[in-house]
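Participant: Any chance you could fold what I've pasted below:
(chains A and B)
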Amino acid sequence: MAQDAVPEGTAGVITTGSDGLNGAAGGPEGTAGATAAERAYREHWARLLALLTAELRDLDLAEESLQDAFAAAVAAWPPEPASPPAWLLTAARRRAMDRLRHGAVMARKLPLLIVDEPEPSPAIPDERLRLIFVCCHPALSMDARVALTLRCAGGLTTREIARMFLVPEATMAARITRAKKKIAQAGIPYRVPSGAELAGRRDGVLAVIYLIFTEGYAATGGDRLIREELAAEAIALGRMIRELLPAEAEVDGLLALMLLHHARCEARLGPAGELIRLSEQDRSRWRREEIAEAVALLRETAPHGPPGPYLLQAAIAVEHAAAARAEDTDWPAIARLYGGLEQITGSAVVRLNRAVAVAEAEGPEAGLELLEGLDGALGRHHLLHATRAELLRRLGRDRQALEAYGRALEAVGTDPERAFLLSRRADLSASATGPGTGAGSPH
Amino acid sequence: MKYVLLAVGDEKVWEQAGPAEREAVFAGWERFDRLLKSRNADRGGEELASSATATTVRKDGDQVIITDGPYAEATEQIGGFVIVEARDLDEAIEFAKACPSGTVEIRPVVEYQG
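Facilitator: Below you'll find the model as predicted:
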């Protein structure tokens, strides 16, 4: 997907011909009605669903009625009504009343959602934050949070989500249904958390979005193009959250971080799908507009207190993006930032990244030292062994390096990464004293 | 909504606790009790005797099998329960956090209407 397919400030990334709408509507693809309805779907799905859920106190009923309203729009447009969202809202409310009258939903007997009294508001109040917080509630499993967020806030169909996560559609449908049932039956409130609770819950929402992104970026398996869509969807959700929670440094940080990673996504895979390390990427293929947007975001943001983990990670990514050539990278600055990040998170993965930066800044010996004690936490992670192998190789300790490559290959998951490790090991076997070409950076 | 908070824990820890530790735990439960009362959330609850005293009765067709011990053997057992009235799951979670038990399972109570 081209990155410019991500519409600014909209709910989802439903590109033309999206089965998100046509699938639901069964309407003819490419007609004027479908095009207008698709545009409306992209712009208004999440907002209308959020509002209907507050009114009906039933996520399922809201979703089905809104789906019906969009199907009706495909058939009825053009002429496009003066206010498409108002038209859709009226149609959806009418469908909901019909469904309630015909008892179609009564059979389910799910309790009504717990909804705070709405405040007096404009014509179509923005309830999306409530929707997002309910989708990302910690009482739901992480899988359910991801699926619900993509479905409700992103407007993706169950089929699309199933395809992205490589599970059968029925499995994904069951997962979403189970989650909605739990929300209703366990009394998860349809509410934006207040006061002391808000910061923690906001971080929970950011974690769900970042998980969607990394699933797309790191690709634990499966088709590359599909994973690209996931990353773009996460960025769209990041934009939505930023619109809803402005002036939050961590929200800015997350969006900037995703943009900076995304800017490099074309350059990180070679023509045969092989992995290209940061140091060897063709930097002219980095998307400058995304980098510029991220830099601007970070320049404007002002954290209250010390910077949080997303802001720090974004600052690291900016250091990489700012270097015209790999050798211009300010490794001491990156090592310092990783130091701060390790202090906050205590994460072994962060320590591994810090070791890579320190190796670049101070030499492979210093990097190797920082890898000590990580085998407990990351022994089964190929990047630990791959990094150790690279540093050992630079120190000329070839026998140990070969051993470490072996362990990395045992643990590696995806084909491009396996191919990369095999080629590194072959190089080393061929020339016992190959030139040091940089550590296997996990960036 | 009504929820049951199940206090779950390793019974050995309690068995091996000294008088001072027990005193601290009791004080914790008293504080918790006061919190629930101040929020008008207390709907009763009990501490249960250890799972070593449990008897399980299973029915299989016409047969009734009586066995010694809890229905599921596990290190962690239910040591007590508290019924609370909460606005929603978030408030129930707040109560569970304030509960002195190291692990708390929250279960909504099914309330039939009409």
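
Participant: Only C-alpha atoms from now on, for both contacts and neighbour counts.
Facilitator: Noted.

Participant: quick one: low-confidence parts of the stretch 1-150 of chain A?
Facilitator: The model of the stretch 1-150 of chain A has pLDDT under 70 over residues A:1-31, A:33, A:104-109, A:117-123.

Participant: same thing but at 80, please
Facilitator: A:1-34, A:102-111, A:116-125 (pLDDT under 80).

Participant: elements contacting the helix or strand bottoming out on mean pLDDT in chain B?
Facilitator: Across the helices and strands of chain B, mean pLDDT, DSSP states H and E gives its lowest value to helix B:11-15, namely a mean of 89. When contacts are defined as 3 or more CA pairs under 8 Å, 6 or more residues apart in numbering or on different chains; DSSP states H and E, helix B:11-15 packs onto strand B:76-85.

Participant: Is the strand it packs on in proximity to chain A?
Facilitator: No: shown here: strand B:76-85 not in contact with chain A (CA under 8 Å from any CA of the partner chain), separated by at least 11.9 Å.

Participant: Given that strand, what are its sheet partners and their directions?
Facilitator: With DSSP bridges as the test, strand B:76-85 is paired with strand B:2-10 (antiparallel), strand B:42-47 (antiparallel).

Participant: Let me see the mean pLDDT of the first one.
Facilitator: I take that to be strand B:2-10. Averaging pLDDT along strand B:2-10 gives 96.

Participant: Buried residues, it. List them.
Facilitator: Of the residues in strand B:2-10, B:2, B:3, B:4, B:5, B:6, B:7, B:8, B:9 count as buried by neighbour count, 16 or more other CA atoms under 10 Å in any protein chain shown.

Participant: Among these, which one sits closest to chain A?
Facilitator: Set against chain A, the nearest of these by CA to the nearest CA is residue B:3 (8.8 Å).

Participant: Tell me where the model's unsure across chain B.
Facilitator: By pLDDT under 80, the weakly predicted segments of chain B are B:113-114.

Participant: Show me which residues of it sit near chain A.
Facilitator: B:1, B:88, B:89, B:90, B:107, B:108.

Participant: Looking at chain B, which residue reaches furthest from the middle?
Facilitator: residue B:62 (32.0 Å; CA atoms, centre = their mean).

Participant: contacting residues around it?
Facilitator: Residue B:62 makes contact with no residue under the criterion CA atoms under 8 Å, 6 or more residues apart in numbering or on different chains.

Participant: ditto for residue A:362
Facilitator: Residue A:362 touches nothing, counting by CA under 8 Å, 6+ apart.

Participant: can you check residue A:48 too?
Facilitator: A:66, A:85, A:89.

Participant: returning to that earlier point: so among the residues of chain B next to chain A, which ones count as buried?
Facilitator: B:1, B:88, B:89, B:90, B:107, B:108.

Participant: Would you reformat those residues as CSV and include secondary structure and distance to residue A:212?
Facilitator: Converted to CSV, these look like this (DSSP: H, G, I helix; E, B strand; the rest coil; distance: CA to CA, whole Å):
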residue, secondary structure, distance to residue A:212
B:1, coil, 33
B:88, coil, 28
B:89, helix, 26
B:90, helix, 25
B:107, strand, 30
B:108, strand, 30
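
Participant: For residue A:332, give me the pLDDT.
Facilitator: Note for residue A:332: predicted pLDDT of 96.

Participant: ok, and the closest non-adjacent residue to the residue in the stretch 1-150 of chain A that chain B sits nearest to?
Facilitator: Going by CA to the nearest CA, chain B is nearest to residue A:114 of the stretch 1-150 of chain A, at 7.0 Å. Leaving aside its sequence neighbours, residue A:114 sits nearest to residue A:189 (CA to CA, 6 or more residues apart in numbering or on different chains; 4.9 Å).

Participant: The one you found is in contact with residue B:91, isn't it?
Facilitator: No: between residue A:189 and residue B:91 there is no contact under CA atoms under 8 Å: 9.6 Å.

Participant: what about the two, which has more around it?
Facilitator: residue A:189 (22 against 17; other CA atoms under 10 Å in any protein chain shown).

Participant: how close does that one sit to residue A:113?
Facilitator: Per CA to CA, to the nearest Å, residue A:189 is found 7 Å from residue A:113.

Participant: can you check residue A:59 too?
Facilitator: From residue A:59 over to residue A:113 (counting by CA to CA), the distance is 8 Å.
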